[in-house]
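Student: Dropping a prediction and its sequence here:
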Amino acid sequence: MRKYVFLTTLALFLYGCQGGGKSDSIEKSTQKTNPKKSSDGLVITVADETITSDEIITAASALMMPIAQSSNFENFKRQAKPKLEEMITARISNILLYQEAKKNTREDIDQILERPAEAEIRKYIIDFGGDYAKAEEALKQQGMDWAGFKKYQKKMILTEYYLGSLLPRAAPITYSELLARYNQMKDESFVTLAAVKFQLIDIEPAKLQITDPNQDQLEQARMLANELLKQIKAGKNFPEVAKEHNGVSFAAHSKPVQPASLRYSILADEAEKLEAGEISGPIETPQQSHIFIMKLQEKHPKGYEPFEKVQREVEATIISDRRKQAQDKILTRLSRQAENELSDEFAEFCLQKIYERNSK
């Protein structure tokens, strides 16, 4: 959100001051880039920026290691090539978008972006608890220094804003559109689950002291449960009843809970039959290890947050979806242009080196 606010303000500097329209040159076709040899392998140049085979190999190796280690080269190539081409295409697309953004900004944009880029550096250091050395070490592991990181942040800020500037102006959102989107979202985003709140007497037969040697503990527990139920219905409260007998305990929820979260499903089933204030029992568990007496205090059925309460959230979702659809169209055009620049020779070279590095 912080960056988004900045990017909105940045519009006055980037475009408003020079009055230029948006360029559509990102849709122009391009010619396939021929790779050139370098000391580290192959290099392709896209819009005055270079992509080295080494950086692609390094970025892809960890992802493709499991395939390389379990396949011969032909199988590896068949599985890994689409992923690698997608990675290279994305890299080319980012370059094309950045170059397009630069063409449509004022000449002193680098100075304008200095302060927000420095703010990103400070934020990055804070993410490491303010430890400058740790942050620097993390950058080194990514093959980057502070100067490179600042340059990267400037590119990100500029391209993010430029991409947003290409989006069409938002059309009004109708009430029927809001209501339809609410109905689509409510089961996932706005559901209020059923909940119950109750008091409980829990009799555990195994913990009762046998008073009649001719009775087993379960039979004694059943008799005790019927006696306690009679006392409760006569007006005695749950905690008071529980205190008078060993092997009998009292439990109560401080707030409503979801029936599905209850340890004993038989309690959820019983609560479903009751209305607030009603008492039920004796309730025996299937294993006969507990006998319960329940008093239902509250019961809330499954429902949904009312439309009026979540209308702003629904509206924000519609706006976000519209922006994503528009961005996807722009990025698809960029991707097609990037595919035109993708060199088969470059991709084949990277695949070979990735396999050699990870199949040993």
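Tutor: Looks like it came in fine.
Student: Give me the distance between Gly43 and Ser335.
Tutor: Actually, residue 43 is Val. It isn't Gly. As for Val43, its distance to Ser335 is 22 Å (criterion: C-beta to C-beta, to the nearest Å). Placement of C-beta: from N, CA and C, glycine included.
Student: actually Glu244, not the one I typed
Tutor: 76 Å.
Student: And Asn246, by the same measure?
Tutor: For Asn246, the distance to Ser335 (C-beta to C-beta) stands at 74 Å.
Student: Can you pick out the residue with more neighbours from these two?
Tutor: Between Asn246 and Ser335, counting by other C-beta atoms under 10 Å, Ser335 is the more crowded of the two (17 against 9).
Student: before we move on, what SS does the more buried one have?
Tutor: Under the three-state scheme (DSSP: H, G, I helix; E, B strand; the rest coil), the conformation of Ser335 reads as helix.
Student: Now do the contacts for it.
Tutor: If a contact means C-beta atoms under 8 Å, 6 or more residues apart in numbering, then Ser335 has 89-90, 93 as its contacts.
Student: Could you dump these into TSV with distance to Gln142 and pLDDT added?
Tutor: Compiled in TSV, those are given as follows (distance: C-beta to C-beta, whole Å; pLDDT from 0 to 100):
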residue	distance to Gln142	pLDDT
Thr89	21	89
Ala90	17	87
Ser93	20	86
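Student: So which of the residues you listed is the closest to Leu228?
Tutor: Sorting these by distance to Leu228 puts Ala90 at the head of the list, at 69.4 Å, by C-beta to C-beta.
Student: What helix or strand is that closest one located in?
Tutor: Under the criterion DSSP states H and E, the helix or strand holding Ala90 is helix 73-103.
Student: buried sites along that helix?
Tutor: Under the neighbour-count criterion of 16 or more other C-beta atoms under 10 Å, helix 73-103 has 76-77, 80, 84-85, 87-89, 91-102 buried.
Student: Any stretches of the chain with poor pLDDT?
Tutor: Counting by pLDDT under 70, the chain has low-confidence residues at 1-33, 360.
Student: domains of it?
Tutor: With automatic domain parsing serving as the domain definition, the record reports that the chain contains domains spanning 2-172+315-358, 194-301.
Student: how distant is the first one from the center of its chain?
Tutor: In terms of C-alpha atoms, centre = their mean, to the nearest Å, the centre of domain 2-172+315-358 is found 22 Å from the chain centre.
Student: Output the contacting helices and strands for the helix holding Ala90.
Tutor: Other elements packing on helix 73-103 under the criterion 3 or more C-beta pairs under 8 Å, 6 or more residues apart in numbering; DSSP states H and E are strand 41-46, strand 49-52, helix 53-69, helix 146-165, helix 307-341, helix 344-358.
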